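Asks: just a sequence and a predicted model for now, questions to come.
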Amino acid sequence: MEKWMLIDGNSIIYRAFFALPPLTNSAGKHTNAVFGFTTMLLKLLEQEKPTHVLVAFDAGKITFRHEGYTEYKGGRQKTPPELSEQFPVLKELLGAFGISQFELSGYEADDIIGTLTRRADEQGVPAVVVTGDKDMLQLASDNITIAVTRKGVSEVDLYSPDAIKEKYGLEPLQIIDLKGLMGDASDNIPGVPGVGEKTALKLLHEHGTVENVLDNLDKLKGKLKENIETHKDSAMMSKKLATIYREVPIEQEADEIRYGGYDSGKLAEAFRKLEFKSLIDRLELGADAGEAEDAAQAAASELTIRVIESESDAAELDRLLRSLGESEENGLFIESIGENPHHAELVGLAIATEEAVYVLPFAALAKPFAAKLRDWLGQPDKPKYGFDLHKNELALLWSGIRLEGAAFDVQLAAYLLDPTDTSQTLSSVSDKHGLPVLPTDEAVYGKGAKFKLPDEQTLYRHLALKAEAVRRLVPVLTEELNRTNMSKLYFEMEQPLARILAGMEHLGIKVEKEELEKLGVDLERQLTTIISDIYKLAGTEFNIGSPKQLGEILFEKLGLPAKKKTKTGYSTDAEVLEELAPYHEIISLILHYRQLAKLQSTYVEGLLKEVRGETGKIHTYYRQTIAATGRLSSQFPNLQNIPIRLEEGRKIRKAFVPSKPGWSILAADYSQIELRVLAHISGDENLKEAFIHDMDIHTKTAMDVFGVTAGQVDANMRRQAKAVNFGIVYGISDFGLSQNLGITRAEAGRFIEQYLDVFQGVRRFMDDIKKDAKRDGYVTTLLGRRRYLADINASNFNLRSFAERTAMNTPIQGTAADIIKLAMVQMDAALRERGLKSRMLLQVHDELVFEVPEEELELMKKLVPDTMAGALKLDVPLKADVSYGSNWYEAK
DNA sequence: ACATTCACG
DNA sequence: ACGTACGTGAATGTT
């Protein structure tokens, strides 16, 4: 039994575009409308099971409707570019689905669909029309059902003639009369002024058609009568415009829109390009199923996989080593379980060479017979081409196996090529750079609670495929780095840094548990008191840590004025509470509670959990491939956010001590590195001058912005100038600055104007960088690090503004990140060359922390700041301040 | 799994 | 008119 499904392409893609939040793939292409269209399509295909499917599109701008009424669809906003670019994508995707598409010059999608429904009626074939437009209800009949989207495009209401009767009390064809009277703002159909849906329905229930209403005008009275009288031509024309034309000369036969189901392979490929991962999973098109599975199997079957498990495989091992000796081309993949490499469980490794892929379970690598392979891993002159070698090196180190000789790291390179791409699995990197489909780890291992290693055969095959993917990605990414001028950045900075980080992390920093415990006891005592005080003031016990319960107490029970709201309820963040402080004494207690609770849970208890029993040290894990600006990040635990701003929290730093008695903690931090970078890249003479004379930059800014002398700058002026400087670095907006300073937007705007007048080079930089970003789609740091800005040309104000601020901030923050990374590479070399015992322990964005033996203290007090200041030559001097003490707190 | 809050530069 | 400061990670509560 035949069943047709006729889809109003334009209407659905428009609705989907406005209903879904912006969505882009990693190449920056907008995909939200296509995604919405696709989910709706899949749902309806499933629900309706049509034998024929057609998507109709409007063609061209002028249709026959414009002939009588040139304003038809006038006043419409131009289609946003984010949507226009999705039309060809959708058409291509429909191709992959195997779904026919029609468009016919001079006609709209409605007319094509109207014509086909007429045929369906004539032939007695059932059809469903899918649209976002209620006009189409006029096509409903015993054969024809209209599916109108609701809630964006996620659901549809089905209208049969009976359903229309029930809802409007009208026959399908009377929908045209309805439009004639009430008009349609979106199509610029005028109708009759003052007549909306209610009135129009009342008139039609009485008289049936527009013509009859006009014939019976004498039965009406007042303003309504007058309106219809004067606009009767408009009513008739509107009716005509709303009438779907059902005689479009369509040559195709029904057979040509027959739908035989989609080809999984083609659809999977199309979804992958669009990065519709959830849909791949939903249709089980993923790498663990169907075509992709076949592809993976095919790829694996083309590989020669040699498994080395025990001493009896010694011959294979020799072969591997010979292979590695003959050609330096290889691909190394080391599998470990767990995010934290300090605790990772090693699973196994695979090495791809030109002739075969060798796989060893980790147990085999640890055995005596594998000594030669372990040697190979540790030899700096034997090149390794790997994936996340930093993590590999660290994980192996804890098993006493060294990994040296990094020649190329696919993950690190992929990060430089697009630091905003958050999916850094080998499978996604491989996919993104055009290699054949690789099963995802999730497909092979499962995720979360379901994580499980598969049988050996599957596991070995997976590792082999990954090693082979690494081998094949190396030349591709090397070439990409060349093309984007990032080779130097990669080979001279990021790759050497990876090893340095692994060394710092493995070394760790000593923490006095007793010090933290002491602080913990003290905090506990204070918390107990404060909690009972809060309960007393609230008149009830509740969970202070629950924003929901706290909100109820403050804003309902105590009746305090609610300022901000979050998605889920009242906001109770510090900013809100500070404003409420004058109203009730409970507020300051809550703020104090929050502060102490944070210290206790995150810093006392959290850090204590991370101290290794054997050594009394904490080992953080720096991640080199996370931050979009090029900064490092720190995890397990984060040692880049140890309290310092408030004295109570700052005491936490007393627990961070040197690992050897008599040594010191030495810390050096860059002074105003971001503003110095700005002075350099903007070339602003005034700002450069300020740094060349090493002036207090906030005082200098206050002098220029307020037009006063140094002596006239008071603390408040300096504070405001400091906020302006922060704003400049973040990509200034008057609103942001006004929020920060608690002043009006107009005042903030004047500050900014004043600033940009005095620092005209900065103004030029801000303007130029935005222009460059719009032209190129990315911005770069001084050393050529790139960041793509997908939304820089968006029509959505918010998205575009965000991208513009990012365009201004990234070169500044990113260049500062480049500089300290360079300093780290140089410091590491300096310590080595001079054979010093001092060790670099931590990096906190603009600060480096060392432990230093007594006899090297004098030297390091000079070497560290000099190296940091000299890391990169700028047009302004760089400056680093150094301090030291018996612990990190004292090094201030 | 997601939202809120808050610690750092 | 739009409604924001840039970049992170961890703990806790809620769904």
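Replies: Yep, it's here. Numbering: from 1, shown residues only, chains lettered A, B, ... in the order given.

Asks: need the contact list for the nearest residue to A:Ala356 once chain neighbours are set aside.
Replies: Leaving aside its sequence neighbours, A:Ala356 sits nearest to A:Thr304 (CB to CB, 6 or more residues apart in numbering; 3.9 Å). Just so you know, the C-beta spots here come from the backbone N, C-alpha and C atoms, and that holds for glycine as well. A:Thr304 is in contact with A:355-357, counting by CB atoms under 8 Å, 6 or more residues apart in numbering.

Asks: okay, and which of those map to strands?
Replies: Counting by DSSP state E, the contacts of A:Thr304 place A:Val357 in strands.

Asks: so which of the contacts of A:Thr304 is the most crowded?
Replies: Among the contacts of A:Thr304, the one with the most neighbours (other CB atoms under 10 Å) is A:Val357, at 27 neighbours.

Asks: I figured that residue was touching A:Ala469, is that so?
Replies: No - if you go by CB atoms under 8 Å, A:Val357 and A:Ala469 don't touch, sitting 10.4 Å apart.

Asks: my guess is A:Val470 meets A:Val410, correct?
Replies: Yes - applying CB under 8 Å, one finds A:Val470 in contact with A:Val410, separated by 5.4 Å.

Asks: can you pull out the strands in the stretch 201-350 of chain A?
Replies: A:305-307, A:331-337, A:345-352 (DSSP state E, counting those that start in this stretch).

Asks: returning to what we had before: mutual contacts of A:Val357 and A:Ala469, please.
Replies: Residues touching both A:Val357 and A:Ala469 (CB under 8 Å, 6+ apart): there are none.

Asks: quick one on the thing from earlier: closest to DNA strand C out of the strands of the stretch 201-350 of chain A?
Replies: Of all the strands of the stretch 201-350 of chain A, it is strand A:331-337 that lies closest to DNA strand C, at 17.6 Å by CB to the nearest atom of the strand.

Asks: what's the distance between the residue of the stretch 401-550 of chain A found nearest DNA strand C and A:Glu552?
Replies: Nearest residue of the stretch 401-550 of chain A to DNA strand C: A:Ser546, at 3.1 Å (CB to the nearest atom of the strand). According to CB to CB, to the nearest Å, A:Ser546 and A:Glu552 sit 9 Å apart.

Asks: quick one: which of the two has more around it?
Replies: Neighbour totals were compared for A:Ser546 and A:Glu552, and A:Glu552 leads with 15 against 12 (other CB under 10 Å).

Asks: so what's that one scoring on pLDDT?
Replies: pLDDT, A:Glu552: 92.

Asks: tell me the contacts of it?
Replies: A:Glu552 touches A:Phe542, counting by CB under 8 Å, 6+ apart.

Asks: and if you look at A:Asp133?
Replies: A:Asp133 sits next to A:8, A:11, A:110, A:148 when contact means CB under 8 Å, 6+ apart.

Asks: mind running it again at 7 Å?
Replies: When contacts are counted by CB atoms under 7 Å, 6 or more residues apart in numbering, A:Asp133 touches A:8, A:11.

Asks: measure it to DNA strand C for me?
Replies: Separation of A:Asp133 from DNA strand C (CB to the nearest atom of the strand, to the nearest Å): 25 Å.

Asks: now do A:Tyr778
Replies: 13 Å.

Asks: partners of that residue in the sheet?
Replies: A:Tyr788 (DSSP bridges).

Asks: quick check: it touching A:Arg785?
Replies: No - applying CB atoms under 7 Å as the test, A:Tyr778 and A:Arg785 come out as separate, 10.1 Å apart.

Asks: higher neighbour count, these two?
Replies: Taking other CB under 10 Å, A:Tyr778 and A:Arg785 do not tie; A:Arg785 has more neighbours (25 against 19).

Asks: could you find the closest non-adjacent residue to that one?
Replies: Using CB to CB, 6+ apart, the closest residue to A:Arg785 is A:Gly630 (4.9 Å).

Asks: now do the SS call for the one you found.
Replies: coil (DSSP: H, G, I helix; E, B strand; the rest coil).

Asks: quick check: phi and psi on the closest residue to A:Tyr583 other than its chain neighbours?
Replies: Nearest non-adjacent residue to A:Tyr583, counting by CB to CB, 6+ apart: A:Leu560, 5.4 Å away. Per-residue torsions, A:Leu560: phi -70, psi 150 (degrees, to the nearest 10).

Asks: pLDDT score for A:Leu560?
Replies: pLDDT, A:Leu560: 92.

Asks: over to A:Gly180?
Replies: 79.

Asks: helix, strand or coil for it?
Replies: helix.

Asks: who are the contact partners of it?
Replies: Applying CB under 7 Å, 6+ apart, the residues near A:Gly180 are A:191, A:210, A:235, A:238-239, A:242.

Asks: 10 Å instead, please
Replies: Residues in contact with A:Gly180 (CB atoms under 10 Å, 6 or more residues apart in numbering) are A:174, A:189-192, A:195, A:200, A:204, A:209-211, A:213, A:234-243.

Asks: of the residues you listed, buried ones?
Replies: Buried residues within these, defined by neighbour count using 16 or more other CB atoms under 10 Å: A:174, A:189-192, A:195, A:200, A:204, A:209-210, A:213, A:234-235, A:237-239, A:241-243.

Asks: need the residues touching each of A:Tyr778 and A:Arg785.
Replies: What both A:Tyr778 and A:Arg785 touch, as defined by CB under 10 Å, 6+ apart, is the set A:484, A:810.

Asks: hang on, the earlier thing: quickly list what's touching both of A:Val470 and A:Val410.
Replies: Shared contacts of A:Val470 and A:Val410 (CB under 10 Å, 6+ apart): A:331-333, A:385-387, A:426, A:429-430, A:477.

Asks: can you list the domains in chain A?
Replies: A:1-163+A:253-285, A:173-243, A:287-507, A:510-618, A:658-684+A:759-892, A:695-758 (automatic domain parsing).

Asks: wait, which of those is closest to A:Gln640?
Replies: Distance to A:Gln640, taken as CB to CB, is lowest for domain A:658-684+A:759-892 among the domains of chain A, at 4.9 Å.

Asks: that closest one spans what distance, first to last residue?
Replies: Using CA to CA, to the nearest Å, one end of domain A:658-684+A:759-892 lies 15 Å from the other.

Asks: any idea how many residues pack against A:Lys452?
Replies: Using other CB under 10 Å, A:Lys452 has 8 neighbouring residues.

Asks: need the nearest residue in space to it, chain neighbours excluded.
Replies: Nearest non-adjacent residue to A:Lys452 (CB to CB, 6+ apart): A:Gly446, at 5.6 Å.

Asks: same check, this time on A:Ala120
Replies: Counting by CB to CB, 6+ apart, the residue nearest A:Ala120 is A:Ala127, at 4.2 Å.

Asks: next, count neighbours for that neighbour.
Replies: 26.

Asks: which residues does it bridge with?
Replies: Here A:Ala127, judged by DSSP bridges, has bridge partners A:Trp4, A:Ile144.

Asks: over to the one 4 residues further on?
Replies: Using DSSP bridges, the beta-bridge partners of A:Thr131 come out as A:Val148.

Asks: and it, what pLDDT?
Replies: At A:Thr131, the predicted lDDT confidence score is 88.

Asks: for it, list the residues it contacts.
Replies: For A:Thr131, the contact set (CB under 10 Å, 6+ apart) comprises A:6-12, A:15, A:56, A:109-110, A:113, A:137, A:139, A:146-149, A:156.

Asks: A:Leu560 too?
Replies: Contacts of A:Leu560 by CB under 10 Å, 6+ apart are A:551, A:553-554, A:570, A:576-577, A:579-580, A:583-584, A:586-587.

Asks: possible to save the residues you listed as JSON lines with distance to A:Leu756, secondary structure and neighbour count?
Replies: Output for the contacts of A:Leu560, formatted as JSON lines (distance: CB to CB, whole Å; DSSP: H, G, I helix; E, B strand; the rest coil; neighbours: other CB atoms under 10 Å):
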{"residue": "A:Gly551", "distance to A:Leu756": "41", "secondary structure": "helix", "neighbour count": "20"}
{"residue": "A:Ile553", "distance to A:Leu756": "46", "secondary structure": "helix", "neighbour count": "22"}
{"residue": "A:Leu554", "distance to A:Leu756": "41", "secondary structure": "helix", "neighbour count": "24"}
{"residue": "A:Tyr570", "distance to A:Leu756": "38", "secondary structure": "strand", "neighbour count": "19"}
{"residue": "A:Val576", "distance to A:Leu756": "32", "secondary structure": "helix", "neighbour count": "20"}
{"residue": "A:Leu577", "distance to A:Leu756": "35", "secondary structure": "helix", "neighbour count": "20"}
{"residue": "A:Glu579", "distance to A:Leu756": "31", "secondary structure": "helix", "neighbour count": "15"}
{"residue": "A:Leu580", "distance to A:Leu756": "36", "secondary structure": "helix", "neighbour count": "21"}
{"residue": "A:Tyr583", "distance to A:Leu756": "39", "secondary structure": "helix", "neighbour count": "13"}
{"residue": "A:His584", "distance to A:Leu756": "42", "secondary structure": "coil", "neighbour count": "16"}
{"residue": "A:Ile586", "distance to A:Leu756": "44", "secondary structure": "helix", "neighbour count": "24"}
{"residue": "A:Ile587", "distance to A:Leu756": "38", "secondary structure": "helix", "neighbour count": "21"}
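
Asks: right, I'll leave it there.
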